[in-house]
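Novice: I'll drop the sequence and a predicted model, then ask my questions.
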There are 2 protein chains.
Amino acid sequence: MAKKTDALTPRSEDYSKWYNELVVKADLAENSEVRGCMVIKPYGYAIWEKMQAVLDGMFKETGHVNAYFPLFIPKSFLSREADHVEGFAKECAVVTHYRLKNNPDGSGVVVDPAAKLEEELIVRPTSETIIWNTYKGWIQSWRDLPILCNQWANVVRWEMRTRLFLRTAEFLWQEGHTAHATREEAREETERMIGVYRDFAEQYMAMPVIVGHKSETERFAGAIDTYTIEALMQDGKALQSGTSHFLGQNFAKAFGVTFTNKEGEEELVWATSWGVSTRLMGALIMSHSDDNGLVLPPKLAPIQVVIVPIYKSMEQLEELRVALKPIVDGLKAKGVSVKLDDSDNKKPGWKFAEYELKGVPVRLAMGGRDLENGTIEVSRRDTLTKETKELDGIVEYVAQLLEDIQKNILQKALDYRAEHTTIVDTYDEFKRVLDEKGGFILAHWDGTPETEAAIKEETKATIRCIPSDGDTSPGTCMYSGKPSARRVLFARAY
Amino acid sequence: MAKKTDALTPRSEDYSKWYNELVVKADLAENSEVRGCMVIKPYGYAIWEKMQAVLDGMFKETGHVNAYFPLFIPKSFLSREADHVEGFAKECAVVTHYRLKNNPDGSGVVVDPAAKLEEELIVRPTSETIIWNTYKGWIQSWRDLPILCNQWANVVRWEMRTRLFLRTAEFLWQEGHTAHATREEAREETERMIGVYRDFAEQYMAMPVIVGHKSETERFAGAIDTYTIEALMQDGKALQSGTSHFLGQNFAKAFGVTFTNKEGEEELVWATSWGVSTRLMGALIMSHSDDNGLVLPPKLAPIQVVIVPIYKSMEQLEELRVALKPIVDGLKAKGVSVKLDDSDNKKPGWKFAEYELKGVPVRLAMGGRDLENGTIEVSRRDTLTKETKELDGIVEYVAQLLEDIQKNILQKALDYRAEHTTIVDTYDEFKRVLDEKGGFILAHWDGTPETEAAIKEETKATIRCIPSDGDTSPGTCMYSGKPSARRVLFARAY
């Protein structure tokens, strides 16, 4: 592994290597000795905590409450919904025993064969089954509906090829599971929550996303309809960043969850589920960062402003501290997260590189000359530019700068996406754009899984979604020449 | 199971039944179909979230950061520390396979024998091993120390006899794991964190605790010293509510974690770990609640004030809403969590009982006569008293009342504990007090595990702790007649 002091591999040379190095060097996460499971390091976790806090607030504002359901799912529960088990069976971690015992040969411990479970337990890959089995006890009448629960939890899907944040065997996420009296209400909820995800991605992550439906092939296992938000990474590949599922009455049927409606008739309950995960960390990193390291949107940066005094003596440091104190206090009073780094075991240059690597949006530096002139150096991480400013009004200036940076990062991502979204009409053009430029491609598709599969097989591009907005005029499928209802969004994807 | 509308079994009749009924009826938690695993329902989870928020703030104030480590622990890791594996091997959930496949007979899914793990994975019962294996990569020099990490996570200990919140196979907790350059620093950290737990218990849970050391027998598996906070429940039984462990160099030795000190010499790293869990929910419930339901300290109540308008017509409701609005707004402006329940599908009497059951500290009720008189009825959950107050100054009055209730609940618990703490000098008296009165007993003990085991065997009472404060004069062991260094704290315990 590259040492921390080495420069990052440039994105243009090897994007995937750049990503892996960045995640490790910026102290976001690392691989553990447990295959496919990561350790989320404090700096990475601090970003995730900020994401959680914002999302949790948005869920509560839309009427949701948190709850907690068991980690384990009896194997038989999984089989109740046919598509669901089909989708998850191949990646299940299975608990078969509940005790270890001393190895008779004296070397450590072994599984105690006498402690075999009657029914194996699956470590949840997602919680629809255990939750709907629980909801059965909570729902009798229309008065018990809707149920609007969310859970913050860890889940396990035994992926064979893993990458930090993007695809790990264990990951952290939230999963909303709601129960409704009517199809319309469940549909509305599904749409409301994909809207929440879109708003979060754009307003906090500064990451523009396309909202749309998944094709049948790409739907969640057990869903009638899956909405997705799709983001575009800097290497031209798409990343599915959040999904919201309209589950119809599938899970109510599987677990016998009915309610008595206002007319006294028994009906099956309607369901939705929706989730985002630590995968968003990967999306955040790949959306904005550059060859110098992370670029974080101010709204999610654990440290928004770092202040580095540059001093030649302890007396000078003391003078700088005095001069800097009103800035630190002023920024804190505005709710800005500030770190004053006056540690004397690291040189300023080392500090500059470190905070650049870690994506701190604004760096303030003050030295002896600044002290004399009443000035301070202000550096922006997003543009890598710096300027010398008067101390007078600096707090307001920096607070405004953080807002500007947030906007600028979003605009940059919007521009990148606009430059990398291509409308194509022929399959030859499609393949050429994919290979030469990548990005999102809007093209006509005949709506069949066969055509979708053939395109995927030949080009590795998939239908990311059938966009909810945009051009809805019909046309001709670029692959089969058959009629197409509207253009859909293709891309190679993570 | 008792219906929600039935009264609770009185504590005097069957304390254990009262507890179980209360947890379910107050919508705190319920058993799931997975043996020993609970579902934490939204109202219970809301209390846990409040606990988490306060504790997390206290951890951060004392310099800690959050991180996340894998759910799974390779079996061999567990064996590295001899006492540790001895302590946990018998209650480990073991993952042996990573895939299911369709049952050849067409009935559901079975474990795929081809997908057997080379090394079994243990679902973490606690994370010392996986964390110290990770710290090995983080620590080279004294400059890398201290490491002050905390993790909020789920853990699994396969308990045979489980009870909601108090003892469940899966539970939620936080586990702090710190690494230090010196014994003194690790000792200080261990003590600092048991102090944080004591402050949290007393200032937020309104639950007085005795701080002390565990006897050797009761120590955490792998610790050199375990500090505990011990609370007394209303049935006279003790409940261990939080522990902080000085681990010495045991885990550093087991995982080869060394650092180069300032003198350039290689040394083993010093460790602590500390944790509290959803068990605190059980402690909270049992400390204060009564035969009418939950009693919550205002600082942890999800709803601090409920307001119930009593109306005969929709016109009157409208008038009441107008009169109540400044109270709702005024309380919210003071940061009080208020719920105005004007739902018309439940009668006021039903609402009163429901919020009493759920432990809402203050209830305000306003009816037609109050409208005429400019008054409102104020009810306290802790004392079950009510009074009619002028509307003028009501916001300040209620805000002050919440503080008074918080203090009163703590005082009540302190009084109960004082009444149920007995100093005894003979073993006969010890047994008599245990059976007739229960509670904490301060008695002399000769310091040997043999005497401790004999007393436990004969009376089911255990040494809860060797108190850090209190009477330290020596004496004679009540059981063996041998010399005793000081009185220790005995009780029957959860």
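Specialist: Alright, I've got the coordinates.

Novice: quick one: buried residues of stretch A:40-60?
Specialist: By neighbour count with 16 or more other CB atoms under 10 Å in any protein chain shown, stretch A:40-60 contains the buried residues A:40-51, A:54-56, A:58-59. Where C-beta positions appear, they are placed from N, C-alpha and C, glycine not excepted.

Novice: same check, this time on stretch A:188-195
Specialist: A:189-191, A:193-195.

Novice: one step back: the buried residues of stretch A:40-60 in helices, which ones?
Specialist: With DSSP state H as the criterion, helices contain A:42-51, A:54-56, A:58-59 from among those.

Novice: can you list the domains in chain A?
Specialist: With domains defined by the TED database, chain A comprises A:15-93+A:123-288, A:305-397, A:425-491.

Novice: for B:Ser468, find the nearest of the ones you listed.
Specialist: With CB to CB, the closest approach to B:Ser468 among the domains of chain A belongs to domain A:15-93+A:123-288: 30.8 Å.

Novice: straight-line length of that closest one, end to end?
Specialist: With CA to CA, to the nearest Å as the measure, the ends of domain A:15-93+A:123-288 fall 13 Å from one another.

Novice: pull the distance from the top helix by length along chain A to the chain's centre.
Specialist: Longest helix in chain A, counting residues (DSSP H): helix A:394-419. Once both centres are worked out by CA atoms, centre = their mean, to the nearest Å, helix A:394-419 turns out to sit 20 Å from its chain's centre.

Novice: buried set for it?
Specialist: Residues A:394-395, A:398-399, A:401-402, A:405-406, A:408-410, A:412-413, A:416-417 are the ones in helix A:394-419 that count as buried (16+ other CB under 10 Å).

Novice: which of the residues you listed sits closest to chain B?
Specialist: When the buried residues of helix A:394-419 are ranked by distance to chain B (CB to the nearest CB), A:Leu402 comes first, at 21.9 Å.

Novice: what pLDDT does the closest one get?
Specialist: A:Leu402 carries a pLDDT value of 98.

Novice: which residue packs closest to it, ignoring adjacent ones?
Specialist: Among residues not flanking A:Leu402 along the chain, A:Pro298 sits closest, at 4.2 Å (CB to CB, 6 or more residues apart in numbering or on different chains).

Novice: now do that neighbour, the pLDDT please.
Specialist: 98.

Novice: pull the helix or strand with minimum mean pLDDT from chain A.
Specialist: Within chain A, judged by mean pLDDT, DSSP states H and E, the helix or strand with the poorest mean is helix A:82-88; its value is a mean of 88.

Novice: what does that helix contact?
Specialist: A:78-79, A:125-126, A:128-129, A:157, A:220-222, A:250-251, A:254, B:100, B:108-109 (CB atoms under 8 Å, 6 or more residues apart in numbering or on different chains).

Novice: who wins for neighbours among those?
Specialist: The residue in the contacts of helix A:82-88 with the most neighbours, by other CB atoms under 10 Å in any protein chain shown, is A:Glu128 (30 neighbours).

Novice: look up how far B:Gly374 lies from it.
Specialist: Distance check for A:Glu128 against B:Gly374: by CB to CB, to the nearest Å, it reads 53 Å.

Novice: from A:Ile376, how far out is the closest residue to A:Ala301 other than its chain neighbours?
Specialist: Of all residues not flanking A:Ala301 in the chain, A:Pro361 sits nearest, at 5.4 Å (CB to CB, 6+ apart). To A:Ile376, A:Pro361 is 16 Å away according to CB to CB.

Novice: what pLDDT does A:Thr5 get?
Specialist: 57.

Novice: and A:Lys456, by the same measure?
Specialist: Listed pLDDT for A:Lys456 reads 98.

Novice: still on that earlier bit, show me what the helix or strand just after the least confident helix or strand of chain A is in contact with.
Specialist: Heading C-terminal from helix A:82-88, the first helix or strand you meet, by DSSP states H and E, is strand A:94-97. Strand A:94-97 is touched from outside by A:72, A:75, A:111-113, A:115-117, A:120-123, B:93-100, B:111, B:123, with contacts defined as CB under 8 Å, 6+ apart.

Novice: repeat that for 7 Å
Specialist: Contacting residues not belonging to strand A:94-97 are listed as A:72, A:111-112, A:115-117, A:120-123, B:93-97, B:100, B:111, B:123 [CB atoms under 7 Å, 6 or more residues apart in numbering or on different chains].

Novice: filter the residues you listed down to just the ones in strands.
Specialist: Within the contacts of strand A:94-97, membership in strands is found for A:72, A:111, A:116-117, A:120-123, B:94-97, B:100, B:111, B:123, as judged by DSSP state E.

Novice: any idea how far the spatially closest residue to A:Pro449 that is not a sequence neighbour lies from chain B?
Specialist: Closest residue in space to A:Pro449, ignoring its immediate chain neighbours: A:Thr217 at 5.1 Å, by CB to CB, 6+ apart. Counting by CB to the nearest CB, to the nearest Å, the gap from A:Thr217 to chain B is 20 Å.

Novice: now do A:Ser244
Specialist: 20 Å.

Novice: thinking again about what came up before, and A:Pro361 and A:Ile376? Which one has more around it.
Specialist: Using other CB under 10 Å, the more surrounded residue of A:Pro361 and A:Ile376 is A:Pro361, with 28 against 23.

Novice: A:Glu403 is in contact with that one, correct?
Specialist: No - the pair A:Pro361 / A:Glu403 is not scored as a contact, 10.4 Å apart, by CB atoms under 7 Å.

Novice: tell me how far the nearest residue to A:Leu166 once chain neighbours are set aside lies from A:Gly44.
Specialist: Setting aside the residues directly before and after it, A:Leu166 is nearest to A:Gly282 in space (CB to CB, 6+ apart), at 4.1 Å. According to CB to CB, A:Gly282 and A:Gly44 sit 11 Å apart.
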